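1. Just a sequence and a predicted model for now, questions to come.
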Amino acid sequence: MNAPLNLTLHSPEETAAIAARMGSRLQPGDTILLEGAIGSGKTHFARALIQSVLAVSEDIPSPTFTLVQVYDTELGEVWHSDLYRLGSVEEIEELGLIDAFEASICLIEWPDKLGSLTPQPALLIRFTADPDDHDTRHLTLSWSDPKWNIKLEIIQ
Ligand SMILES: Nc1ncnc2c1ncn2[C@@H]1O[C@H](COP(=O)(O)OP(=O)(O)O)[C@@H](O)[C@H]1O
Ligand SMILES: [Mg+2]
């Protein structure tokens with residue numbers, strides 16, 4: 001495990017800019033796990049990242065009820081998933097997520113639902129709202145796969 005990388009982002013726009021920069025380095029097989037309380041900015045981050053890699057801008061709804069939304073992007077398929085309402089671990093396979101971890105770029109909200117199916121090479125981002133400033137979020141990035149060292153140079 002690498003020493004975690006901490007970022008403080010003072011506005012939704014700053015978070016969106018970081019998401020877009022990270023997006024520019026993603027390839028099929030890359031998974032980002034987005035952890036944090038409701039309202040901490042997970043969907044905002046995913047939406048900005050996806051928007052930045054779409055050839056033609058489109059609506060990015062939260063996958064709260066659909067559990068997954070798939071986008072055809074300049075980098076290949078991007079899967080955006082919100083597992084909060086996942087009923088059982090069997091559903092993960094039914095959704096096609098196991099294959100998507102190999103073949104696509106995946107952005108997963110509420111990743112604790114994956115349990116032992118969590119892809120080990122994934123990047124984990126933990127979002128925390130600042131207790132004093134309404135528009136500030138603290139992000140802690142951690143990973144063990146060294147591929148992220150190079151991909152994350154762009155934000156350091
Ligand atoms: N620095 C920031 N980064 C991300 N979102 C922020 C920030 N400041 C305020 N916000 C707001 O917080 C809310 C986050 O909502 P959302 O992304 O849906 O949360 P989650 O998916 O974690 O439940 C959005 O309304 C967004 O505009
Ligand atoms: Mg969300």
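-> That came through fine. Ligands and ions are numbered 1, 2, ... in the order given.
2. secondary structure element for residue 35?
-> strand 31-36 (DSSP states H and E).
3. Could you spell out the sheet neighbours of that strand, each with its direction?
-> When pairing is defined by DSSP bridges, strand 31-36 lines up against strand 105-109 (parallel), strand 123-129 (parallel).
4. Excluding chain neighbours, what is closest to the residue nearest the centre of the chain?
-> In the chain, the residue lying closest to the centroid (C-alpha atoms, centre = their mean) is residue 107, at 3.5 Å. What sits nearest to residue 107 in space, not counting adjacent residues and going by C-beta to C-beta, 6 or more residues apart in numbering, is residue 46, at 4.4 Å. For glycine as for every other residue, the C-beta is placed from the backbone atoms N, C-alpha and C.
5. Let me know the average pLDDT across the helix or strand hosting that neighbour.
-> Assigned by DSSP H and E, residue 46 belongs to helix 42-53. On average, the pLDDT along helix 42-53 is 98.
6. That helix near ligand 2 at all?
-> Yes - Helix 42-53 reaches ligand 2 (C-beta under 5 Å from the ion) through 42-43.
7. what's in contact with that helix?
-> Helix 42-53 is contacted from outside by 12, 15-20, 22-24, 26, 34-36, 57, 60, 62, 71, 73-75, 78, 80, 82, 107, 109, 125, 127, using C-beta atoms under 8 Å, 6 or more residues apart in numbering.
8. Narrow those to those in helices?
-> Judged by DSSP state H, the contacts of helix 42-53 include 12, 15-20, 22-23 as members of helices.
9. per-residue confidence for residue 1?
-> Residue 1 carries a pLDDT value of 69.
10. What parts of the chain come near ligand 1?
-> Neighbours of ligand 1 within the chain, by C-beta under 6 Å from any ligand atom: 9, 11-12, 14-15, 36, 38-44, 109, 135-137.
11. Out of those, which end up buried?
-> Buried by 16 or more other C-beta atoms under 10 Å: 9, 15, 36, 40-44, 109, 136-137, out of the residues of the chain next to ligand 1.
12. Name the surrounding residues that touch stretch 69-78.
-> Identification of contacts with stretch 69-78 by C-beta under 8 Å, 6+ apart yields 23, 26-28, 49-50, 53-55, 58, 60-61, 63, 79-81, 100, 103-107.
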